[in-house]
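Novice: Sequence first, then the predicted structure, then my questions.
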Amino acid sequence: YIKHASTALINAHNNGITLKINILFYIGENLNTLRETYNFLASHSEYIRAISAYPMLIYPGMGSLIEFEKELEKHGGSIIKKSPWNERKIFPVNLSSELSYSQAEELALLFGKAFQTMENYFYQKQFGYFPPNYNYSDFKSHVNSIGIAHFPFSATQNETTYYKSLLENKLQISNKTKHM
């Protein structure tokens, strides 16, 4: 499927289509699978305008929770069933013995910061997410009032380089394992 995804990204780009990639950190995710994801994104970054990366959450009605929990157990994962999640009826997932929900959440934010700028994020969300009269200047003011650290993007393209380096460090990516 990776080869097909690569071909689709390149063909879309060559035909003037800008793309956003959605990444769901799923059952069994670990540093090795996240390194593969990182290497794919890094080797295709010129074809991708924006990304969204999130760890898995369980919502009511997702099917057989028993089967899901059995699969999680095979990987050393678990569902977090304590407050405040019980009240929300949404449950985060520790994806494996190697990757907790909080670690996945931190890494998801870093993936966003490493592969998209604030400007690309805004233009990707501009239609359908913001009011019609909300412009980039309004968005920047809003982000600055909250603090960019809380958002899944970097202020500039140069800043994405810093976050790529930080993410490579967290994922234990060496020069030997880059873009393999």
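Specialist: Structure received.

Novice: Quick check: the residue positioned nearest the centre of the chain vs Tyr101, distance?
Specialist: By Cα atoms, centre = their mean, the chain has its centre lying nearest to Ala53, at 1.4 Å. In this view, Ala53 and Tyr101 are 14 Å apart by Cβ to Cβ, to the nearest Å. (Each C-beta comes from the backbone N, C-alpha and C, glycine too.)

Novice: next one: Ala155
Specialist: Going from Ala155 to Tyr101 by Cβ to Cβ gives 27 Å.

Novice: Settle it for me: which of these two has more neighbours?
Specialist: Taking neighbours as other Cβ atoms under 10 Å, Ala155 and Tyr101 compare with Tyr101 leading, 21 against 16.

Novice: residue contacts, that one?
Specialist: Pro55, Ile80, Pro92, Val93, Asn94, Leu95 (Cβ atoms under 8 Å, 6 or more residues apart in numbering).

Novice: what's the closest of the residues you listed to Glu69?
Specialist: Comparing the contacts of Tyr101 against Glu69 with Cβ to Cβ places Val93 closest, at 9.8 Å.

Novice: Wait, a strand at the closest one?
Specialist: Yes: assessed by DSSP: H, G, I helix; E, B strand; the rest coil, Val93 belongs to a strand.

Novice: got a list of what it touches?
Specialist: Contacts here follow Cβ under 8 Å, 6+ apart; on that basis Val93 touches Ile27, Pro55, Met56, Leu57, Ile58, Leu72, Gly77, Ser78, Ile79, Ile80, Tyr101.

Novice: List the buried residues for the lowest-mean-pLDDT helix or strand in the chain?
Specialist: One helix or strand of the chain scores below all others by mean pLDDT, DSSP states H and E: helix 85-88, with a mean of 80. For helix 85-88, the neighbour count (16 or more other Cβ atoms under 10 Å) marks Trp85 as buried.

Novice: Can you report how many residues lie near the residue lying closest to Pro152 once chain neighbours are set aside?
Specialist: Excluding the flanking residues, the one nearest Pro152 by Cβ to Cβ, 6 or more residues apart in numbering is Gly112, at 2.7 Å. Number of residues near Gly112 (other Cβ under 10 Å) recorded here: 22.

Novice: just checking, Gly112 touches Leu41?
Specialist: No: the criterion here is Cβ atoms under 8 Å, and Gly112 misses it with Leu41 at 10.8 Å.

Novice: Overlap in contacts, these two.
Specialist: Contact with both Gly112 and Leu41 is made by residues Ile51, according to Cβ under 8 Å, 6+ apart.

Novice: Which stretches in this structure count as helices?
Specialist: All helices of the chain, identified by DSSP state H, fall at 2-14, 31-43, 65-74, 85-88, 101-115, 118-125, 136-146, 157-170.
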